[in-house]
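Visitor: this is a predicted model, with the sequence first.
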Amino acid sequence: MARRVARAVLCPGHRLMPTFPQSIGQWKPSAENPGVLVRTGARIVGLATILLAASPDIQAAEHGLPEKAVEIARPFGFPITNSMVVTWTVAIGLIVFAQIATRKMTDVPGAAQNVLEWLVQSLYEFLESIIGAHLVQRTFWFFATIFIFILAANWIGLLPGVGTIGWGHRADHGFVIEQPLFRGANADLNMTLAMSLVFFALWIWWAFKEVGLSGIVHELFAPKGDTTGALRVLMIFVFFAAGLLEIVSILFRPVSLSFRLYGNIFAGENMLEAMATMVPGLGWLLPIPFYFMELLVGLVQAMVFMLLTAVFTLLICQHHEEPGGAAAHG
């Protein structure tokens, strides 16, 4: 289909192209042939018009990962998208793995128990060094869960079949998937936004539990530092304005968190598909280096999401847990 569209669109341009290089070669900046420049410019405009007119057809012929998840079923009126299938698969897989690893805890752990204990302990010690022992006891369950889930979802989204199995049509260059059965969980903005909103609600709850309403207001608007006299009055206005800007920043945090994760994962999956379809016959080879890069990207994005949410929590709760709180409580 793509080849037929491109061929049909570009054929009219062939009538212009044989004379276009000749006109360029014949034209000289002299007064003897002033009409050559006009004719050449007219041909350039005509060729550009043809290409602009062809661009919608060419774009329609291209295929890639849709920007939003595709609905694949609607049982009892409840819509199910392809990203929801992967989300449920990841969640069920993590639950089953945790149950298997902790079903029979022993002093000499087996493989599953050993992996789970190593992961949980490493995350706990890492977060404790950042937000302190007191705060990590209250919030670790969320930060560890969100990191493990995002990491697993990112890596499972790289498995063969995700985005390549589904409904479509046969074209000149192969079978084109229009409605994939599976889509990466974090390549759906609904998923990343939901995780960000859940964190935002928990952030408010933790802030009230740790410092209360007065502590939140003091953290946002109270002047910092030891100042007196007129400078103290000036600092009150300065920090009040800064507090208003901080409120705007806080309200945009769910948006920035969700779009950062969604954008990186969505772009990565599109890049892999582009590499797979760039050179016919080499679709199995070209994406391989980029798969290794996406493994790293999946880990980094899970770490970034967890660290940002942890630091945001620390900043609003630091009256109870100063940066050196880890040593103080340890």
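Guide: Alright, I've got the coordinates.
Visitor: after the lengthiest helix in the chain, which helix or strand is next?
Guide: Ranked by residue count and defined by DSSP state H, the top helix of the chain is helix 229-278. Downstream of helix 229-278, the next assigned helix or strand under DSSP states H and E is helix 288-317.
Visitor: quick one: the strands in the chain?
Guide: In the chain, the segments counted as strands under DSSP state E are 71-73, 80-81, 166-171, 174-180.
Visitor: contacts for stretch 109-118?
Guide: Here stretch 109-118 makes contact (Cβ atoms under 8 Å, 6 or more residues apart in numbering) with 97-98, 100-102, 105-106. (C-beta placed from N, C-alpha, C; glycine too.)
Visitor: name the nearest of these relative to residue 220.
Guide: Within the contacts of stretch 109-118, the smallest distance to residue 220 is 38.4 Å, found for residue 98 (Cβ to Cβ).
Visitor: neighbours of the residue nearest to that closest one when sequence neighbours are not counted, just the number please.
Guide: Among residues not flanking residue 98 along the chain, residue 116 sits closest, at 6.7 Å (Cβ to Cβ, 6 or more residues apart in numbering). Using other Cβ atoms under 10 Å, residue 116 has 17 other residues around it.
Visitor: so what's residue 278 up against?
Guide: Applying Cβ under 8 Å, 6+ apart, we find residue 278 in contact with residue 286.
Visitor: and the contacts of stretch 109-118 as CSV, adding distance to residue 231, pLDDT and neighbour count?
Guide: Output for the contacts of stretch 109-118, formatted as CSV (distance: Cβ to Cβ, whole Å; pLDDT from 0 to 100; neighbours: other Cβ atoms under 10 Å):
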residue, distance to residue 231, pLDDT, neighbour count
97, 58, 96, 15
98, 56, 95, 14
100, 63, 94, 13
101, 59, 93, 20
102, 58, 92, 12
105, 60, 88, 10
106, 64, 88, 7
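Visitor: from these, pick the one nearest residue 290.
Guide: Within those, the smallest distance to residue 290 is 27.5 Å, found for residue 97 (Cβ to Cβ).
Visitor: gap between the two ends of stretch 283-293?
Guide: The first residue of stretch 283-293 is 17 Å away from its last residue (Cα to Cα, to the nearest Å).
Visitor: how about it: buried residues?
Guide: Using 16 or more other Cβ atoms under 10 Å as the test for burial, stretch 283-293 gives 287, 290.
Visitor: quick one: mean pLDDT for that stretch?
Guide: For stretch 283-293, mean pLDDT is 89.
Visitor: any idea how far residue 269 is from residue 276?
Guide: Per Cβ to Cβ, to the nearest Å, residue 276 is found 11 Å from residue 269.
Visitor: so which of these two has more stuff around it?
Guide: Neighbour tally, residue 276 and residue 269, criterion other Cβ under 10 Å: the higher count belongs to residue 269, 21 against 17.
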